[in-house]
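>>> kindly generate the corresponding structure for this input.
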Amino acid sequence: MNKIKIAVGVVLGLCVVAVILGLSNRGDPYYRAENDIRTMARRASVQVVNHVPVIHIYFTKELEKPEPLTEKKVIELMEIQEKVLEEKIEDALEKFIEESSKDRWESSFTDLEAWDYDSPSKTFIPLGALAPEGVKFPEKVLVVCKVEKKEISPWEKEFEEDVLVISETANVSPTQAKTILQNIKNKGYTISKEEVQESEEIELLYFSTWDDSYPAVLKWQVNIMGEDTNLIVGYDPRGILEVRPIPDDKKIHVKAGYFDLKSEFKEELSEVKILKGQLESLREDLKKANEEIAELRKDEEYKPPKRDITEATLFDLMLGNVAMEQFFFMSAASGIFLGNMHTSDDVYSWTGIRGWSLYQGDMNMKESSVILTNAHVVEQSLQFLMMVDEEKENMWIIFPGAPSIRYTKYSDYFGTPAWVMGIEQMPVMSTDCDAGILLSTPVPAYEDYRVELGDSSNVRPGDRVISVGNPAGMQKFTTAGIISNTEYSMLDQLQGSQYLQYIMSKPGYSWLLNSNFWIDTTIGAGGVSGSGVWATEGSESGKVVAIRNMGMMHRVDRVTGVSMINAKTLDYDNLPSDIAAITKKHFKYLFKSNRPETGYNQSFEDFLKENKGFKKEYEKMYGGWEATNGMNGCIPINYVKRFLQERGLDPSHFKWDKLKDKYWEK
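Here you go, the predicted structure:
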């Protein structure tokens, strides 16, 4: 009986201890149940999707065997192109002349200022040498100054030089000249001269017309560096200032102005110059071709050089020698919701292909949803890239993509339109810490699920974490694991030197150095870039301590069906000859469908098999993925918070601590 009592007592004691331990754990100010953290993490995680438009340009025919190259054939081709260009030049010049009667110049002066200028002439300043090409200088300018009229006295020392001038002019001695002056004065006559007063009294009056009763005073100056005296004494309407002699060892400060062309006329002028340059280039090519033909006839084994798709022209497209295809590829990644915030007027947003009048959206929102993701995810909405395969048979032009946010798996297929946040005309994006901000339509109901950013310096290897990402286009896959390392860069490994060949810039080096936070959660496929890493224990429990940016597995993207662009319907009269320029100018036409309606019906892998050149060039820019499970690189969240705080985001609004005083001393 006593044994039973003792056993019951032990059990009760253990239960009490368990309850006490449980209560003590619950009493921990940092304690949050892992289930709660998992729920918080899933709610705060979003999917970032980019729809990226691409133009594929390629030769339609196989490279034929070399044909006999005749002088007649070369001249015919050159003459055709020369004729077309001459016609274009004629049209452009006619338009230029027609517009010449209009007011081509800005109505106000553009300031011109040069410091430490060493004039080639010591008495003249050519303003055209200091101003941009094609500007206009004021024509109706009157140089005025105050003068003092003095009567010449023959016996005063002040007028000795004047007496000498009279002596030389009359061919008499200085004494005789003085006598003549004295006789003239005795008979009631005077001889006087005008002297310009100090140069500060000189003024340049600008008349819009000579009937103008109220001319403008030009505050133009030419001063020797370190002195205030204005040296200007005259002005030539061609834009030349006449100045007092400038000492050989002195440099000057010039302050003047000019009328600039209005922007629309600048474009016309540059178009004429480009066409003239192309015509001159063709004439040079014709001359060289004639010289080469003479040499070719001596060499029976001659083979023409390989063709280059980057040199394809509008004529190749018209003749069917070159084809253009358009398609979209879709790239999905991850992000975390920081909350809704007020966006002031100075917040600039880039819309990707919405900037080409597709995917229209309200750019003037006063409230926005703020999404944190990786810089390399944001970058796809900013970059315009041109890739060419090694054989130069294919060219792909990749346009900035259209980002969107999907909050759940039930979200609309195209999601909520997003934009790249920018402040002071620069995107809020850092390659150094692989972080960027997207703005989207505000979601008031989502405000309760905003993420809390922690302090990554308070976690250690072995601490438990969870991560929520969107691998392979799927959504909110949650995995648990531990922190493997908090300060191990890829440069630290034995073969770290192999990465140096890929570092082309300081930001690239910083990116590799800062991606030093590692976790062993199992998801490693493409699509998890930008996903958050939540601590599940310790002082940072329930907070994001890192952002995933290196999921070492192959990426899984999708590509829309490829559709041909009908070259016959293009407006050739208004197209530039260069095909790459055509794609930029006629982007709206080439992608007239405002969404990839054909659907993503081809895997990226299958597309790359058919387009080997694209695969090679694409991987050069975006890199491949190493299939190593459990090796997931991240950026410590403290690096990200530092960047965002320095770029102008308010820490108190997003509920993280501001940088400590010591940080600003570093």
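
>>> tell me which helix or strand His376 sits in.
Assigning secondary structure by DSSP states H and E places His376 in helix 375-378.

>>> what does that helix rub up against?
If you take C-beta atoms under 8 Å, 6 or more residues apart in numbering as the criterion, helix 375-378 is touched by 48, 50, 333, 335, 403, 420, 427, 429-431, 433-438, 529-530, 549, 622. The way it works is simple: take the backbone N, C-alpha and C, and place the C-beta from them, glycine included.

>>> for the very next helix or strand once past it, buried residues please.
Using DSSP H and E, the helix or strand that follows helix 375-378 towards the C-terminus is strand 385-388. For strand 385-388, burial by neighbour count (16 or more other C-beta atoms under 10 Å) applies to Met387, Val388.

>>> repeat for stretch 143-160
Ile152, Ser153, Pro154, Phe159.

>>> and what of stretch 470-485?
For stretch 470-485, by 16+ other C-beta under 10 Å, it's 470-473, 475-481, 483-484.

>>> that older thread, quick one: mean pLDDT for the helix holding His376?
Across helix 375-378, pLDDT averages out at 91.

>>> got the CA positions of that helix in PDB?
What follows is helix 375-378, C-alpha atoms only, in PDB (Å, rounded to 0.1, in the frame of the first residue of the first chain):
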ATOM      1  CA  ALA A 375      17.400  42.700 -55.700                       C
ATOM      2  CA  HIS A 376      17.900  40.100 -58.500                       C
ATOM      3  CA  VAL A 377      14.200  39.600 -58.500                       C
ATOM      4  CA  VAL A 378      13.500  43.300 -58.700                       C
END
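
>>> so Leu231 makes contact with Met225?
No - contact criterion C-beta atoms under 8 Å: Leu231 and Met225 do not qualify, at 11.8 Å.

>>> the two: which has the busier surroundings?
Using other C-beta atoms under 10 Å, the more surrounded residue of Leu231 and Met225 is Leu231, with 21 against 11.

>>> ok, that one - contacts?
Going by C-beta under 8 Å, 6+ apart, Leu231 touches Ser199, Val222, Asn223, Ile224, Val243, Arg244, Ile246, Ile252.

>>> low-scoring stretches of the stretch 251-400 of the chain, by residue?
For the stretch 251-400 of the chain, applying pLDDT under 70 flags the ranges 264-273, 275, 290-305, 344-365.

>>> which residues in it form strands?
Applying DSSP state E, counting those that start in this stretch to the stretch 251-400 of the chain gives strands spanning 252-258, 322-342, 347-350, 367-373, 385-388, 394-398.

>>> end-to-end on stretch 242-252?
14 Å (C-alpha to C-alpha, to the nearest Å).

>>> what residues of that stretch count as buried?
Glu242, Val243, Ile246, Ile252.

>>> return the subset of the contacts of helix 375-378 lying in strands.
48, 50, 333, 335, 403, 420, 427, 429-430, 435-438, 549 (DSSP state E).

>>> need the residues you listed in JSON lines (columns: neighbour count).
Below are those laid out as JSON lines (neighbours: other C-beta atoms under 10 Å):
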{"residue": "Val48", "neighbour count": "30"}
{"residue": "Asn50", "neighbour count": "24"}
{"residue": "Ala333", "neighbour count": "28"}
{"residue": "Gly335", "neighbour count": "32"}
{"residue": "Pro403", "neighbour count": "35"}
{"residue": "Val420", "neighbour count": "23"}
{"residue": "Pro427", "neighbour count": "22"}
{"residue": "Met429", "neighbour count": "26"}
{"residue": "Ser430", "neighbour count": "24"}
{"residue": "Ala435", "neighbour count": "29"}
{"residue": "Gly436", "neighbour count": "29"}
{"residue": "Ile437", "neighbour count": "26"}
{"residue": "Leu438", "neighbour count": "28"}
{"residue": "Asn549", "neighbour count": "26"}
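
>>> farthest-apart pair in those, please.
The distance between the two most remote of the ones in strands among the contacts of helix 375-378 (C-beta to C-beta) is 18.6 Å, for Asn50 and Ser430.

>>> out of the strands of the stretch 251-400 of the chain, nearest to Gln81?
strand 322-342 (15.4 Å).

>>> list the buried residues for that closest one?
322-324, 326-341.

>>> which stretch of helix or strand covers Val508?
Wrong residue type there; residue 508 is Gly, not Val. Gly508 belongs to helix 506-514 when elements are defined using DSSP H and E.
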